[in-house]
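# Generate a structure from the sequence data that follows.
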Amino acid sequence: MCPVVAAIRTHPVFGDLAGNRQAALAALTAAADAGATILVLPELCISGYCFESDAEADAACETIPGSSTAQWSSFAQERQVVIVGGLAELDADGQRRNSAVVIDPSGIVGVYRKIHLWGRETLYFVPGDKPPLVAATSLGKIGVGVCYDLWFPDLVRALADGGAELLVFPSNLTDDPPIVLFDHIYVAVARAAAHLNRVPLVVADRCGTERGANWTGAAVVIDAAGTTRALAPNDDAPAIVAADLPTLSRRETSWGPHNDIVADRRAVLVNPS
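This next block holds a predicted model:
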């Protein structure tokens, strides 16, 4: 049976943690009701993104486990689904992190802290200091990055080499350049990453305007060939797009009888160090 993977586009209201939790839960419910079994929410979908002070960032943060993960864990157990979602985390050392959590019916199975911070994120978050996460869930091995991480091919390749059968990138992609979504360079980057690593890939982006910032809204599900299987409408409204993907445990890295994207690598020559 092929898993149905949903990329969820939400419009969080800055600072409204309780309201954003309810909006995320409503979107998860709609996705699960439509048959999705792997549900991906955007980056910082509980807090919003455009912080202007340390006090705002502090107010946005929550622990893991915490309020959002408790809600998502209960939902994952009730509906027998896997959830990946982004939130502002206060870690055990009191540091603010831009994090993504992976939850399946058993509870939290992994936390990834964004390694490559973008723009003003560097003012409010500490970058992750652990290797990229491949989380072993009830529906397969899921490799996790957050937004800007997708622009580092070595990170994506590390997830693939680590056994990821699906790549997920909760994101807040700024609308630059503002062009038709299907042709957007961000979608092209995601398609290329899936194609070059022979691993399906999901981006879950946000929409709406926040403190003058606009967002691309690139919720997209891409198969291992780099083909777009589902893409959100080219508008500025919340959306859920979903597609079934081949059984995750059957990752195929060969291209015909003569080539294999993993076996053909000559890393010792390309990366002699």
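# Against residue 101, how distant is the residue nearest to residue 34 when sequence neighbours are not counted?
Counting by Cβ to Cβ, 6 or more residues apart in numbering, the nearest residue to residue 34 once its immediate chain neighbours are dropped is residue 242, at 6.3 Å. From N, CA and C alone the C-beta is placed, and that goes for glycine too. As judged by Cβ to Cβ, to the nearest Å, residue 242 and residue 101 stand 20 Å apart.
# The two: which has the busier surroundings?
residue 101 (27 against 23; other Cβ atoms under 10 Å).
# Who are the packing partners of whichever strand or helix holds that one?
Secondary structure from DSSP states H and E places residue 101 in strand 96-104. Contacts defined by 3 or more Cβ pairs under 8 Å, 6 or more residues apart in numbering; DSSP states H and E place strand 96-104 against helix 67-79, strand 82-90, strand 107-113, strand 133-137, strand 140-144.
# gap between the second one and the chain center?
Shown here is strand 82-90, whose average C-alpha point lies 9 Å from the average C-alpha point of the whole chain (Cα atoms, centre = their mean, to the nearest Å).
# would you put the C-alpha positions of it in CSV?
C-alpha atoms of strand 82-90 as CSV (Å, rounded to 0.1, in the frame of the first residue of the first chain):
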residue,chain,number,x,y,z
VAL,A,82,2.8,10.5,10.9
ILE,A,83,3.2,14.3,11.4
VAL,A,84,6.1,16.6,10.7
GLY,A,85,5.8,20.2,11.8
GLY,A,86,7.9,23.3,12.6
LEU,A,87,7.8,25.3,15.8
ALA,A,88,10.0,27.6,17.9
GLU,A,89,11.6,25.5,20.5
LEU,A,90,13.1,26.4,23.9
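# Quick check: which of the helices and strands packed on strand 96-104 is buried the most?
Comparing those by mean neighbour count (mean count of other Cβ atoms under 10 Å), strand 82-90 comes out on top with a mean of 26.
# okay, the angle between that one and helix 67-79?
170 degrees (axes from the mean of the first three to the mean of the last three Cα atoms, to 10 degrees).
# mind listing the helices for the stretch 101-250 of the chain?
121-124, 153-161, 185-197 (DSSP state H, counting those that start in this stretch).
# Is it possible to get JSON lines of these that adds mean neighbour count and mean pLDDT?
Converted to JSON lines, the helices of the stretch 101-250 of the chain look like this (neighbours: other Cβ atoms under 10 Å; pLDDT from 0 to 100):
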{"stretch": "helix 121-124", "mean neighbour count": "16", "mean pLDDT": "98"}
{"stretch": "helix 153-161", "mean neighbour count": "19", "mean pLDDT": "96"}
{"stretch": "helix 185-197", "mean neighbour count": "20", "mean pLDDT": "95"}
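# Output the ones you listed in JSON lines; the columns should cover distance to residue 215.
As requested, those are arranged in JSON lines below (distance: least, Cβ to Cβ, whole Å):
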{"stretch": "helix 121-124", "distance to residue 215": "15"}
{"stretch": "helix 153-161", "distance to residue 215": "22"}
{"stretch": "helix 185-197", "distance to residue 215": "11"}
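# Please identify which of those helices is closest to residue 133.
Minimum separation from residue 133 across the helices of the stretch 101-250 of the chain (Cβ to Cβ) falls at helix 153-161, 8.0 Å.
# who touches the residue nearest to residue 34 in this structure?
With contact taken as Cβ atoms under 8 Å, 6 or more residues apart in numbering, residue 242 is in contact with 4, 5, 6, 7, 31, 34, 35, 36, 221, 230.
# if you set the cut-off to 7 Å instead, what comes out?
4, 5, 6, 31, 34, 36, 221, 230 (Cβ atoms under 7 Å, 6 or more residues apart in numbering).
# Correct me if wrong: the first one contacts residue 33.
No: using Cβ atoms under 7 Å, residue 4 is not in contact with residue 33, being 11.6 Å away.
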